[in-house]
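In: pasting the structure only:
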DNA sequence: TGGTAAAGTCAACAACGCTGACTTAAAAAT
DNA sequence: ATTTTTAAGTCAGCGTTGTTGACTTTACCA
């Protein structure tokens, strides 16, 4: 029996368990993105559009630089996506009041509508999964995922948690 | 207090909780892939190569068709990746004994070495996360992820679980 | 023998990452 | 007041990885 240094049984840390965790992440993430992907297809958008829409909805008025640090992509990559969203009138870019170099991003009503559709689909699946797993499993799910994040990204995640409570 | 139809408290199913679950998946998946991505860069490979290597390691001798159904990509997309792996002598393709149309895929020693490096990195992060979260959280994590999978994909995942036990 | 199945290929395209170089406008620093 | 830095945006080009469509080769099977 494999016991850790503290004397507790650490069977859940065997390579076999860790591999299962890895595959669980792989297959679950596929399910996680499947429903929004289908909706985005109709609009000719991809996941990058979804992510931008999601985080603009989450933090309305966010600056481009802030969005860049959350998404972890280059300015050029985000710009390509942002440009189409602004052209299609899903996102509005407002000149900053305090600092006129900044652009503050907001979803238009049309943008909010798509966000709602995407989010509804994703939450529906999450709701089924949460319901069938139960509250304790959900708590564990969140605990493990938080521990898996890079510290820098965890900051962004934490800020949502705090805002939500 | 929001109570469900069964009378139980379903506070963990509020939209706010579901949104947190969604963001947790997003940020955690980034962490999940970060370490292997760094290794792959040195080889000029991408995530598609990693996935192929992973599942060939998992089920040695798998056929191309089987790998296609696990990965959920087109033949043309997988072929591009598989060709470079075979050229680079990380993967070996053997003509089937029973059915000579089939090709059975195996990792070469060189392929196993890269798989090990990638897997070590990914398991190291998973191990830290699992350890800090504890066995109950890990069980919950797995339960929720399984419930999030598409049924078709869950089959592939389950087969690993059974193999491992 | 004729149909089907597994694998592989060619071509073209799209989404979305990247680097590098550069502009414009505005704030900040000297 | 001038210089430097910062925020945003753009152009060009490239790589990975997904797609569709069409087609070939080989082998199994009825």
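Out: Arrived safely, thanks for sending. Treat the numbers as computed from the prediction; the structure is a model and nothing was measured.
In: what are the ranges of the helices in chain A?
Out: A:15-43, A:47-58, A:64-71, A:75-87, A:109-133, A:135-148, A:151-163 (DSSP state H).
In: By proximity to DNA strand C, which residue of chain A wins?
Out: Nearest residue of chain A to DNA strand C (CB to the nearest atom of the strand) works out as residue A:46 at 1.7 Å. C-beta coordinates here come from the backbone N, C-alpha and C atoms, glycine included.
In: pretty sure that residue is touching residue A:40, no?
Out: Yes: taking CB atoms under 8 Å as the definition, residue A:46 is a contact partner of residue A:40 at 6.2 Å.
In: With residue A:25 as the reference, measure out to the most centrally placed residue in chain A.
Out: Among the residues of chain A, the one closest to the centroid is residue A:51, at 6.7 Å (CA atoms, centre = their mean). Distance, residue A:51 to residue A:25, by CB to CB, to the nearest Å: 18 Å.
In: now the residue of chain A at minimum distance from DNA strand D, nearest residue through space, not along the chain?
Out: Among the residues of chain A, residue A:65 lies closest to DNA strand D, at 2.9 Å counting by CB to the nearest atom of the strand. Distances taken as CB to CB, 6 or more residues apart in numbering or on different chains put residue A:102 closest to residue A:65, at 7.7 Å, once the chain neighbours are dropped.
In: Quick check, the one you found in contact with residue A:67.
Out: No: using CB under 8 Å, residue A:102 makes no contact with residue A:67, being 11.4 Å away.
In: Which neighbours do these two have in common?
Out: Counting by CB atoms under 8 Å, 6 or more residues apart in numbering or on different chains, no residue touches both residue A:102 and residue A:67.
In: returning to that earlier point: looking at the helices of chain A, spot the one closest to residue B:113.
Out: Closest of the helices of chain A to residue B:113 is helix A:15-43, at 16.4 Å (criterion: CB to CB).
In: what's the angle between that closest one and helix B:47-58?
Out: 140 degrees (axes from the mean of the first three to the mean of the last three CA atoms, to 10 degrees).
In: got the buried residues for helix A:15-43?
Out: Applying a neighbour-count criterion of 16 or more other CB atoms under 10 Å in any protein chain shown, one finds A:17-37, A:39-40 buried in helix A:15-43.
In: how about residue A:103, what does it touch?
Out: Residues near residue A:103 by CB under 8 Å, 6+ apart: A:63, A:64, A:93, A:94, A:95, A:96.
In: swap that for residue A:38, sorry
Out: By CB under 8 Å, 6+ apart, residue A:38 lies in contact with residue A:121.
In: do the same with residue A:138
Out: Contacts of residue A:138 by CB under 8 Å, 6+ apart are A:130, B:12, B:17, B:21, B:140, B:144.
In: Take these and write them to CSV, including distance to residue A:74.
Out: Compiled in CSV, the contacts of residue A:138 are given as follows (distance: CB to CB, whole Å):
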residue, distance to residue A:74
A:130, 35
B:12, 37
B:17, 33
B:21, 28
B:140, 36
B:144, 33
